[in-house]
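> Whatever this is, show me its structure:
(7 chains, ligands or ions: 9)
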Amino acid sequence: MNLLTLSGSPHVHGDSSTKKIMYGVVIAMIPAMLVSIYFFGLDAIRVTLISVIACLIVEWAIQKYLIKGPVTITDGSAIVTGVLLAFNVPSNLPIVIIIIGAIVSIGIAKMSFGGLGKNPFNPALVGRVFLLISFPVQMTTWPKPAALFSGLTDAVTGPTPLGHLKEAVKAGRTVQDVLENGSSWVMDGVNYSYQIPGYVDQLMGNMGGSLGEVSAIALILGGIYMLYRKIITWHIPVAYIGSVVVFSGILWMINPDIYVNPGFHLVAGGLMLGAIFMATDMVSSPMSWKGQLIFGLGCGVLTVIIRIWGAYPEGVSFAILIMNAFVPLINRGLKPKRFGETAK
Amino acid sequence: MANKKESSFKNMLITLLVITVVAGLALGGVYNVTKEPIALAKKAKAEAAIKAVIPEFDTLQVYKVALEDGTDSLVFNQGYKDGQLVGTAIETFSKNGYDPTPVRIMVGFSATGEIINSEVIEQKETPGLGSKMASDKFKNQFNGKNPADFMLKVKKDGGNVDAITAATISSRAYCEALQKAHSTYLKDGGSK
Amino acid sequence: MEYILILISAIFVSNIVLSQFLGICPFLGVSGKVSTSVGMGAAVLFVMTIATMVTWLIQHYILIPFGITFLQTIFFILVIAALVQMVELILKKVSPPLYQALGIFLPLITTNCAVLGIAIQTVAKDFALLPGVVFAIANAIGFSLAMIIFAGIREHLVLMKVPAGMKGVPIALVTAGILAMAFMGFSGLV
Amino acid sequence: MNDIIIYAVIFLGVVGAASAVILYFIAQKFKVIEDPKIDEVEGALPAANCGGCGFPGCRGFSEALVKSVNEKQSIEGLSCPVGGNDVMAKVAAILGIVAEEKEPQIAVIRCSGSKENAPKKINYDGPATCAFAHNLSSGESGCPYGCLGCGDCVAACKFDAIYMDEVTGLPVVKDNCVACGACVIACPRDIIELRNKGKKDRRIFVSCMNEEKGGIAKKNCSVACIGCSKCFKVCPFEAITMNNNLAYIDYEKCKLCRKCVLECPTGAIHELNFPPRKEKVAEVESNVEPKIEVNKDQSLDTKE
Amino acid sequence: MSTIKNIIEHPGRIDKIENDKITVTILSQSACSTCHSKSMCTVSEMEEKTIEIKNHEELEYKVGEQITVYMKKSLGTWAVMFGYFFPFLLVIVSLITLILITGNEGLSGLISLGLLLPYYFALHKLKDKFSRTFEFSLKP
Amino acid sequence: MNHVANFTKGLLKENPVFVLLLGMCPTLGVTSTAVNGLGMGLATTFVLVCSNIVVSLVKNQIPDKVRIPAFIVIIASFVTIVELSMQAFVPALFESLGLFIPLIVVNCIVLGRAEGFASKNNVFSSALDGLGMGLGFALALTILGSVREVLGNGSFFGMRFMEGDAILIFVLAPGAFIVLGYLIALINKLRKTA
Amino acid sequence: MKTFKIGGVHPPENKLSTDRPIEVLAIPAQVIIPLSQSLGAPSVPVVNKGDAVKVGQLIAKGEAFISSNIHSSVSGKVLKIDEAMDQSGYRRQAIFITVEGDEWMEDIDRSAELKKEITLTKEEIVSKVKELGIVGLGGATFPSHVKLMVPTGKKAEVLILNGVECEPYLTADHRLMLEKGEELMVGIKILMKGLDVKRAVIGIENNKLDAIGHLKNIAKDFDGIEVEALKVQYPQGGEKQLIDAVLRRQVPSGKLPIEVGAVVHNVGTAFAVYEAVQKNKPLFERVVTVTGKNVKNPGNFMVRVGTSINELIEKAGGLPEDTGKIVSGGPMMGKALNSVDVPVVKGTSGILLFKEKEARRVDPTNCIRCGKCITVCPMGLEPVLLAQYAELEMWENVEAERALDCIECGSCQYTCPAGRPLLDYIRLGKFRVGQIIRNRSKK
Ligand SMILES: Cc1cc2nc3c(=O)[nH]c(=O)nc-3n(C[C@H](O)[C@H](O)[C@H](O)COP(=O)(O)O)c2cc1C
Ligand SMILES: Cc1cc2nc3c(=O)[nH]c(=O)nc-3n(C[C@H](O)[C@H](O)[C@H](O)COP(=O)(O)O)c2cc1C
Ligand SMILES: Cc1cc2nc3c(=O)[nH]c(=O)nc-3n(C[C@H](O)[C@H](O)[C@H](O)COP(=O)(O)O)c2cc1C
Ligand SMILES: Cc1cc2nc3c(=O)[nH]c(=O)nc-3n(C[C@H](O)[C@H](O)[C@H](O)CO)c2cc1C
Ligand code: SF4
Ligand code: SF4
Ligand code: SF4
Ligand code: SF4
Ligand code: FES
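Ligands and ions are numbered 1, 2, ... in the order given. As a prediction, this is how the structure comes out:
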């Protein structure tokens, strides 16, 4: 007979595992991936592949040669980081920059702290913000979506709705005016015009932006899948999106000329991507549901503040990173209620 | 260690007094020595800017002109050569740069109202982005242009200025500063 | 409004630690305990405010009138060094129990670098007294905020077995870097 | 002299005097207590911060040393295992007293339940630390006194002086052990002991901690001490005591005569660093295997 | 120093024992305590502070014994409040008020700094009350 | 006393920045370019050497209890001298170093050397010690500045060697922290293997 | 439906032996009766080598306050008193008895007749329970008489019967409730009398509908006994959780149930009490479930204490070829055994055989900070923190985070997606903290 195994209780284990969770997230990202392939074509595949492979290689190399520990690239977390990094950059980003992003995400933000689970900040977002600050030009010019399918050349780039709106409002126009009439300008003798896409377009993904953030519907689909698989809970996305709606709604009611309506905030930019896929990263978000609500709320408020008053057109990445920094404090302040403490 | 001084109150007071007096004397001395060079350096810097934006002059007439809206004033430096006005160097600024520190620019106008040249005196814009406003590539596009027909606005805003890539804000600030100088210049009576 | 802008600017946009690089030593050195950081914050708040007031008065009533602004550095550092120690001395004299409790609770405050830096900046920026004091307060709050966030992250990092090579100061610096990156999101608010 | 210099001197003088007054009081109130000797002593210590001396780190130890000298003019009972007598002599010189010599010690592993001698009877499946395995059960070999082989001692050693032998599954102490005792504390089964290094690094000890009856002990491990008392009887120096079916050799009394080693029927008594025996070796070795060890340190070197 | 729940601990050494009063010396560390080179920059960074403790339990201690002093964390918070935060509030509030009233910055600044004197005097008067509030305990 | 050792220890073994971790504020604050780092390093070196010499000269005249304020005055005086001279002769550098010049006065390394070394040793060793420490500081700042400048600006001591954009963040605040963090990790590693 | 408020998990139930009636196991040829069978101090033998003993004869006495009497489960001769491997894998003192016949003590009433009338007084009940070695059969084997002695100043209000059997696989209590319902009820009445309470609640999880129905039915005839169906949720059987579920009261940290006026006994204990008080029968046999996915005939057996587990397994169809792990108790809290040659003791509720594949744990990854362990912990602890502190040997923090509150239910480790050995570390932490506390109080 073979040897008996000896171990402490419990002797059974639930069926969830890190791997299942991570690949679950990958599956949840498929709809958004498909939409971005539809709109950005092969470029979407190119960026995603490079990003994922670079992330895997960096993680592998660091584990093998620097930490000299076990190699765990198959746990899927580097793949998630890779895809999410790709989702956060424009589809025409040069390869070198993507690779730099992957090095920063995995090398600086994750492996420096010891790898999976130890990083206080969301690796993909650190990578993205690093790139955003370092390469503002490349990171803020997006190819016009559907360019491949409508016969226009790729060279034409269009701004994100948020970025455009912010500029125009700064220039003194009202929100309605911009939303309804679009803008046009002449540069080097060429007429340019830009019309902020309608809500349906924005929901479906027909707008400029990073790879993964264009289609709110696809992202929500992924979110529902993750909720169903119990990979995430509703607390963070709901608190996040809810607080964005409420806060921007209040501003909008105060002055609709300067402040755009909450619906626009919802569908534009990376809010959905951030709220569903990035703020929910369990490693860098609070552990208790109360903490998660506070986290979501903080992200929401900061997002709106940065979007409206900050220098960057988009606030999601920064908001989540800043709230990541508060996570240890939140966890510390919100201990679960111990059994027996409620007893009177 | 040999006869170290005791920490009596008197000793302490005296020691510190001696040290501070010596320091005071020494620093006063150094100050006197460097006063001149410091003043010179400051002046040289200001003059360098003026010299860079208007042609050679022998006399300089400096005066202040209030802005159109009266909130502040700009320093005008009219350079004359042989009694002839060769250009007006105006120290202008814009508070709408990327950094809260105002962008300060010296701009020279010819007697006919064209921009001769412009020079950044102070800016704290982001290195590599807004700081490119000091590069020739950007600022030379203004040279020889008369703001009367050269729209001092970035092309995005419908003007004639090529913005620095990814630094529209800084470019706008630059334009705004020049515009401010030009308006004040006109208000002051142009070339007179 | 002016004061609010000063506050936002100093706390978030150009945070004393994360973007002006002042007071890095205590930021990196103070043991990673959140409760202590909060206490430190209050102490720094008091010291920084008082120091800024005193140096402002010295600047405007002694150095400028007598044309000896070049002695600013030497004056300020002497005054600040004496002041910081005097605060402790006075507490010890007037209320030993309080002083003892503080002794157990807090490390000593010797953030001369940040205090001096803010004092110099206050006069360099030509603030009037009240805005100057608000500026100092804002910076003290910014300092505390950065310290508290960091103490939290440190408490967390203690539990994560950070790779040997990165342990201690290196990982603290990298974390500070990422934090600074996150705080850049506030740029443009003012 | 111009005004500026006069003002400078006056005001600096005033500030200087003022700070003199303030700092004078401060100096009176807060005496800086750190004895400079503490620094000096700390400088002489090996900076291993291992805690082997029983104090929190080298600095704590320096403070204790200085204090002890100030209070009773001696550093009796305080010693740095890492630095050994050399360092203590240096420290004593700094402190101006005479250090007592201490016999150098080294850690020994008192278990020979290697993979072969005590084959495993179950699989342990849990965190690889001895503390767990010990709390959970008697261990893979079934010997409730034997080494669990998860290497808590190795992890505890700050000097890289223990390693786990892949073949035997037992820890091996290298020559650079400084007898800090960290491993002794770490081992949940009290297998490791600090013993005198012995002349020429020669040591004899019972490599077993099993207090079970002979038969049971032997069932789990072929080289267990079975408590037969043969060594006890043969030892001419009364260095061996029997307790709970287990022999123990007192290192202070043992004169390294090696009689017991030959006597032991299971080979539980180990001798280290002795030259190979001339007589009777063949006979003995055929019946008990792992009796004569060379220092494993060297065997490690040759392996690499 | 370590923190368990609501308690702050600090190591110290017993200096003196008189009846029920124990004097303990603690080494207060400066903000740079973890700095590598504190021995290099001794700007009086290490200070000895003495603390008086009532020995309620009549436990036996020896002079020179290493012990741990502890107190409730909330006491630490209150100490910070009284030591730093309240005087800060006093200064800043009076400064604002005075500037609003007098409009003279220099004067207002001087007066509000001067207000610290009565504050400290008040603290001095409250000494006994504090010594009852701020109680420390020993842990062997 | 080994003069060579007094001099070289500051360069490597006891490098104020990488090993002793002193004076982090200027280290991070001024090193956006190699020139700034070098300038700041040299200014600090000057103060260090001069104050070490003076402190060592007057060490016996100063009562123990006013040591610290006396040293502060001495150091602050030299800082002021540096400030004034730089303003006069290298105004551009002075402006880019800005606030951090007066802050030399609180740099622990300066006071630390005065207190820890110069107040106990003779003039010559003190000068050497100051010089070594100062140059070590300058070296560290220059290395940090070079790395940041190369990565963040694509240039070295102001000479551009590449076209196009470099990784901007390295010349900004986060880059300072991150580069220093990894440099220290690297030096730790090198020291361990060495 | 009621359940406890905080945390909990729901592992697959796998109650394979639900339909197997309790079968009496043949008496083995030899029994080994360990001397430490209950919580507390080991008992002291009162027989010597060579003595002849009868079934039910006292062979070891519990002398300490928390300690219990042990009775022979067979008749025969005392072979020796020696160390024998017990379920912990360590050798402990035990009495070896060679079986000869099956001769019972005369005063034991062996009839199957139900004796409803309770004649003994409160005090007599307690001493009877003590004398006859009744210990808790719910797992902790806490001497039951101690629980019947309510400390002065406290008042027991409710007796709660633990029929939850929340562990997967186990069915011993379930079968007992079905087959010995009446006896159980009488046992409860006795306990109620012993405790002087008017109300008793039997808590049963809703996956044992037949038992609920059955007991509800007979409870009609017994005053003050209620049956409460509870939502299926592990670890409902935990004493504190059960009280929370049934009474909505939470026992404060470090306190006993009596603090909130409750006393909890396992249903098996109640049955043993019935037998002891009404039939004078000491506790020397109990129901044990033998189960496992590979086991040929999983079942519930009435077993004499001291019987080798091997015999039980043989009875259930023999040890399957690819057995990888043998667990005494349930899969969540049970103890893995070194060998099958260890005796059944009073606390053995089940023997669980795992296949090779089920035996190994999953490979752990780093903790991904998902917080699931916190969510499921029924004591409101933060297992992840406790484990990390224990791993870093920060015992003070382990204590401050209330490690001692952990009931070792294993929910955290069961749930952890990263497969962290949380409970292992927490146990180590509890152990060390326990040591520290003991040292402290010594001082
Ligand atoms: C770190 C950072 C620094 C920036 N600095 C400047 C700057 O100095 N000047 C500027 O005009 N824009 C700066 N920007 C970019 C602005 O935020 C804004 O995106 C840009 O000016 C938008 O205009 P564009 O159309 O030129 O891209 C900076 C952005 C980042 C991320
Ligand atoms: C030291 C100690 C004393 C106890 N005293 C009492 C008691 O006086 N009354 C009581 O009802 N239970 C008492 N208990 C029993 C416990 O409440 C509990 O029933 C027992 O530990 C088994 O519970 P478990 O299986 O949930 O662990 C005591 C337990 C211990 C460990
Ligand atoms: C996590 C956990 C689960 C438990 N599950 C059960 C159970 O299912 N059934 C049971 O009777 N006792 C269970 N117990 C034991 C009870 O807590 C308690 O000890 C017992 O019900 C008291 O009764 P007893 O003294 O009669 O055994 C469990 C204990 C713990 C800690
Ligand atoms: C719901 C969910 C969201 C995640 N989001 C991110 C993310 O935004 N960025 C990222 O780098 N990794 C993400 N991960 C993967 C993983 O948690 C991450 O690589 C760790 O932070 C690395 O320690 C996510 C994982 C899950 C399960
Ligand atoms: S082997 Fe043991 S005693 Fe020797 S140095 Fe290592 S831990 Fe210390
Ligand atoms: S000697 Fe002790 S600590 Fe070392 S491996 Fe063996 S059991 Fe573990
Ligand atoms: S084993 Fe302990 S820590 Fe884990 S869930 Fe159960 S009670 Fe909580
Ligand atoms: S369940 Fe596991 S992975 Fe999740 S927080 Fe707890 S220990 Fe970490
Ligand atoms: S240099 Fe140490 S705090 Fe600034």
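
> Please, where are all the helices along the stretch 1-150 of chain G?
All helices of the stretch 1-150 of chain G, identified by DSSP state H, counting those that start in this stretch, fall at G:122-131, G:144-148.

> Which residues outside the longest one are in contact with it?
Helix G:122-131 is contacted by residues G:68-69, G:120, G:143-145, G:148-149, G:190, G:193-194, G:196, G:273, G:276-277, G:282 when judged by CB atoms under 8 Å, 6 or more residues apart in numbering or on different chains. (Glycine included, C-beta is placed from N, CA and C.)

> do the same with stretch D:211-225
So stretch D:211-225 is contacted by D:112-113, D:117-118, D:121, D:141-146, D:206-208, D:210, D:226-228, D:243-247, D:264, D:266-268, D:288-290, G:83, G:91 (CB under 8 Å, 6+ apart).

> strands paired with the longest strand along chain B, and their directions?
For chain B, the longest strand by residue count, based on DSSP state E, is strand B:84-94. The strands beside strand B:84-94 in its sheet (DSSP bridges) come out as strand B:73-81 (antiparallel), strand B:103-109 (antiparallel).

> Show me what secondary structure element comes after the shortest one.
So the one you mean is strand B:103-109. Note on strand B:103-109: by DSSP states H and E, the next helix or strand toward the C-terminus is strand B:115-122.

> Tell me the residues of chain F that contact ligand 5?
Residues of chain F lying near ligand 5 by CB under 6 Å from any ligand atom: none.

> Select from the contacts of helix G:122-131 the one having the most neighbours.
Counting neighbours by other CB atoms under 10 Å in any protein chain shown, residue G:68 comes out on top of these with 31 neighbours.

> Read off the pLDDT value for it.
Note for residue G:68: predicted pLDDT of 90.

> and it, how far is that from ligand 6?
34 Å (CB to the nearest ligand atom, to the nearest Å).

> so is the closest residue to ligand 9 within chain A in a helix, a strand, or just coil?
The nearest approach of chain A to ligand 9 comes at residue A:325, 21.0 Å away (CB to the nearest ligand atom). In three-state terms, and counting by DSSP: H, G, I helix; E, B strand; the rest coil, residue A:325 is helix.

> swap in residue G:303?
Quick answer, by three-state DSSP: residue G:303 is strand.

> longest helix anywhere in chain D?
Ranked by residue count and defined by DSSP state H, the top helix of chain D is helix D:3-29.

> Could you say which helix or strand holds the residue positioned nearest the centre of chain F?
The centroid of chain F falls nearest to residue F:137 when counting by CA atoms, centre = their mean (3.6 Å). Using DSSP H and E, residue F:137 sits in helix F:123-153.

> pLDDT on the very next helix or strand once past that helix, on average?
Per DSSP H and E, the first helix or strand lying C-terminal to helix F:123-153 is strand F:155-156. Averaged over strand F:155-156, pLDDT sits at 88.

> so where's the chain shaky on pLDDT?
Reading this off chain A. A:1, A:144-160, A:171, A:183-195, A:197-208, A:342-344 (pLDDT under 70).

> That was the other one, I meant chain E.
Checking chain E against pLDDT under 70 turns up E:1-16, E:19-20, E:25-67, E:70-71, E:73, E:135-140.

> switch the cut-off to 90
E:1-84, E:102-106, E:116-117, E:120-140 (pLDDT under 90).

> Would you map the helices across it?
With DSSP H as the criterion, chain E has helices spanning E:73-80, E:86-102, E:105-114, E:116-125, E:127-133.

> Dump those helices to CSV, plus distance to ligand 5 and mean neighbour count.
Formatted as CSV, the helices of chain E follow (distance: least, CB to the nearest ligand atom, whole Å; neighbours: other CB atoms under 10 Å in any protein chain shown):
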stretch, distance to ligand 5, mean neighbour count
helix E:73-80, 37, 20
helix E:86-102, 51, 16
helix E:105-114, 58, 17
helix E:116-125, 52, 14
helix E:127-133, 47, 14
